[in-house]
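> I need the structure of the sequence given here:
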Amino acid sequence: MNDIARQQLSIQVESMDLLNGQIKMEAHASAAYLAMASWCEQNGFFTSAKFFFKQTEEEREHMMKIFNFLIDTGGSPISPEISGINHEFSSIKDVFESALQHEVKVTESIKNIVKKARASMDITTERFLDWFILEQVEEENTIRDILDMIELTGMEGVGKQMIDDSIEKWIEEA
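Next comes the predicted model:
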């Protein structure tokens, strides 16, 4: 029965397996951003915490978008186990650098799935992922802008408060 069901999918098995990996990556991102929000709260970066709470929800929405796509195409989405979440950061700059590193990994993963979907003529999956590619451009750009602002402001004295206050702009834009 399992082999018959897998043959009748609207999605190719390799794409389904890769998308299940992406579900796990999005869930990990959601959990990582929650840890970043907690660190920000504990260290007095309250606006940055709001930013990361919002990012937590967005990553979960991304995970559910992929999860539902797999259901719609007859696939079998897998609820992932998440571990290895970092809760320790040395500074607000470290938090945002970690966020950027993660976003770059997510972008590369999505591009890889698109390449494999294209190579196997899985047009449905390739089209589905178009939105994610553009979303990743926005996500990376936001974090880079914040890191640029941190670099310009500096990490000493009043600069720390200016950084946190400035994050409000990106919460509203996202």
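> tell me the helices in this protein, going along the chain?
Using DSSP state H, the helices of the chain run over residues 2-7, 13-42, 46-72, 92-119, 123-153, 158-173.
> Between the ones you listed, which one is closest to residue 85.
Smallest distance to residue 85 across the helices of the chain (Cβ to Cβ): 5.0 Å, for helix 13-42. (C-beta placed from N, C-alpha, C; glycine too.)
> burial measure for the nearest residue to residue 48 once chain neighbours are set aside, as a count.
Of all residues not flanking residue 48 in the chain, residue 40 sits nearest, at 4.2 Å (Cβ to Cβ, 6 or more residues apart in numbering). Residues lying near residue 40 (other Cβ atoms under 10 Å) number 23.
> Could I get the contacting residues of residue 40?
46, 48-49, 51-52, 92, 95 (Cβ atoms under 8 Å, 6 or more residues apart in numbering).
> before we move on, what about residue 37?
Contacts of residue 37 (Cβ under 8 Å, 6+ apart): 49-53, 55-56.
> Looking at those, which one is closest to residue 27?
Distances from residue 27 to those, taken by Cβ to Cβ, are shortest for residue 56, at 10.6 Å.
> number of nearby residues for residue 104?
Burial of residue 104 is recorded as 14 neighbouring residues (other Cβ under 10 Å).
> Least confident secondary structure element in this structure?
helix 2-7 (a mean of 52; mean pLDDT, DSSP states H and E).
> Check the residue nearest to residue 48 and give its pLDDT.
We note a pLDDT of 96 for residue 40 in this prediction.
> Next, find the distance separating it from residue 130.
32 Å (Cβ to Cβ, to the nearest Å).
> State the distance from the residue nearest to residue 16 when sequence neighbours are not counted to residue 132.
Distances taken as Cβ to Cβ, 6+ apart put residue 75 closest to residue 16, at 4.2 Å, once the chain neighbours are dropped. To residue 132, residue 75 is 16 Å away according to Cβ to Cβ.
> the more surrounded of these two?
The residue with more neighbours, out of residue 75 and residue 132, is residue 75; 24 against 21, by other Cβ under 10 Å.
> ok, that one - contacts?
By Cβ under 8 Å, 6+ apart, the residues touching residue 75 are 9, 11, 16, 19, 69.
> what about it, distance to residue 118?
Taking Cβ to Cβ, one finds residue 75 at 18 Å from residue 118.
> what do you get for residue 166?
Distance from residue 166 to residue 118, by Cβ to Cβ: 39 Å.
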